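Novice: predicted structure and sequence below. I'll ask about it afterward.
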Amino acid sequence: MVISAVAIMIGMMVRRYRIMDTRKPFAGLIPAVIFVFAFGSMAMASDIAFYVGAVPGGAYPEATMNKDVKKIIRDTGALFKDVQKFADDNLNGLGQWADANMGDGELDIIWLNGSTPSVLYPLENKKPDGSRAEKWLDDGNMIINVADWFAWGNFEKGFKVRNKDAAAANILDLPEKIIVGADDTVMKVTNTGKKFIPSLGNQVGSNRPVNVEAIEKPWEAAAIFASVKGVDDQKAGGLADPIVLHNKDTDGYIAIVNQAWGNNFIDRGAACTELIKNWLALEKGLLAVQPMAKLSTIWGEIKAAR
């Protein structure tokens, strides 16, 4: 890990300088402190935006959504350079934010509450190819979708506009059966799920799970946290939710988290927090960091100062 590497390097630097000049017992602290400040420039560079507009009916009560978003930001905000929230009165702002975060070489994230705003995917499949959502993933970014079928519907007009199952297929360039209607399907939490999203417990329910057998190249199941088979194995097939898909060509990711309602609700705030902190940041190391100043230059300045 980055932090561990820093600690080791600082320790080595302090030890080296104490050996070089035992007459100045605090000399080792000087390069260490300088190194810490230099490493401070290695700040988190990935960005995240939350769509907090009209929620998908009974799939996500507005008060619960706001509480969950607050928790996710509180517990993961330090991992990101920029954290934004966009409601339906600022959809253009969301589109502009997405455009500004493409082409920057970072894995940036858009979190969706189960409703996919029209600035990301035009209503009623009016732009089936080349939507902003598709470009976002093709640029190597990530979407986290919770509560309802990804891209199936939109509520920003005050009523449900149906894109239906074609939308997810259009965005991902996968078969329409990539997500299926399967009410109250019981998912056994996999060992991967227990390790990285412990709030899931032993089993969860789903109404709109991912059909693992419909995953086609260049997509792959990067992590299956719960499935009917109870294993993190794409070859096992079956239905899964939560799950992360990864496009091996574009390096884009989409996470499906608890596309469900009724008795199948989970703590989505906790699940998304754990997904980001435990799997995305720690296990995969996918959140971008800004490069620090060249270490050789800093090291030269330290020696010159002595």
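Specialist: Noted; the coordinates are in hand.

Novice: residues contacting residue 56?
Specialist: 113, 114, 115, 147, 148, 153, 155, 160 (Cβ atoms under 8 Å, 6 or more residues apart in numbering). Where C-beta positions appear, they are placed from N, C-alpha and C, glycine not excepted.

Novice: could I get the residues you listed as a markdown table with secondary structure?
Specialist: Shown next, in a markdown table, are the contacts of residue 56 (DSSP: H, G, I helix; E, B strand; the rest coil):
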| residue | secondary structure |
| --- | --- |
| 113 | coil |
| 114 | coil |
| 115 | coil |
| 147 | coil |
| 148 | coil |
| 153 | strand |
| 155 | coil |
| 160 | coil |
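
Novice: and these, which of them are buried?
Specialist: Buried residues within these, counting neighbours by 16 or more other Cβ atoms under 10 Å: 113, 114, 115, 147, 148, 153, 155.

Novice: nearest to residue 232 among those?
Specialist: residue 147 (22.9 Å; Cβ to Cβ).

Novice: all strands of the stretch 101-250 of the chain, in order?
Specialist: 109-112, 142-146, 153-154, 161-162, 185-189, 203-206, 210-211, 219-224, 226-227, 239-240, 243-247 (DSSP state E, counting those that start in this stretch).

Novice: who are the packing partners of the third one?
Specialist: Think strand 153-154. strand 161-162 (3 or more Cβ pairs under 8 Å, 6 or more residues apart in numbering; DSSP states H and E).

Novice: now the strand it packs on: how far from the chain's centre is it?
Specialist: Distance of strand 161-162 from its chain centroid, counting by Cα atoms, centre = their mean, to the nearest Å, is 26 Å.

Novice: now do the contacts for residue 188.
Specialist: 202, 203, 226, 227, 228, 229, 230.

Novice: can you do 10 Å?
Specialist: 202, 203, 204, 226, 227, 228, 229, 230, 231 (Cβ atoms under 10 Å, 6 or more residues apart in numbering).

Novice: for PyMOL, write a command that selects the buried ones of those residues.
Specialist: Command for PyMOL that selects the buried part of those, burial taken from 16+ other Cβ under 10 Å:
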select buried, resi 204+226+227+228+229+230+231
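
Novice: columns pLDDT on top of the contacts of residue 188, output as JSON lines?
Specialist: Shown next, in JSON lines, are the contacts of residue 188 (pLDDT from 0 to 100):
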{"residue": "202", "pLDDT": "98"}
{"residue": "203", "pLDDT": "98"}
{"residue": "204", "pLDDT": "98"}
{"residue": "226", "pLDDT": "98"}
{"residue": "227", "pLDDT": "98"}
{"residue": "228", "pLDDT": "98"}
{"residue": "229", "pLDDT": "96"}
{"residue": "230", "pLDDT": "98"}
{"residue": "231", "pLDDT": "98"}
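
Novice: okay then, goodbye and thanks.
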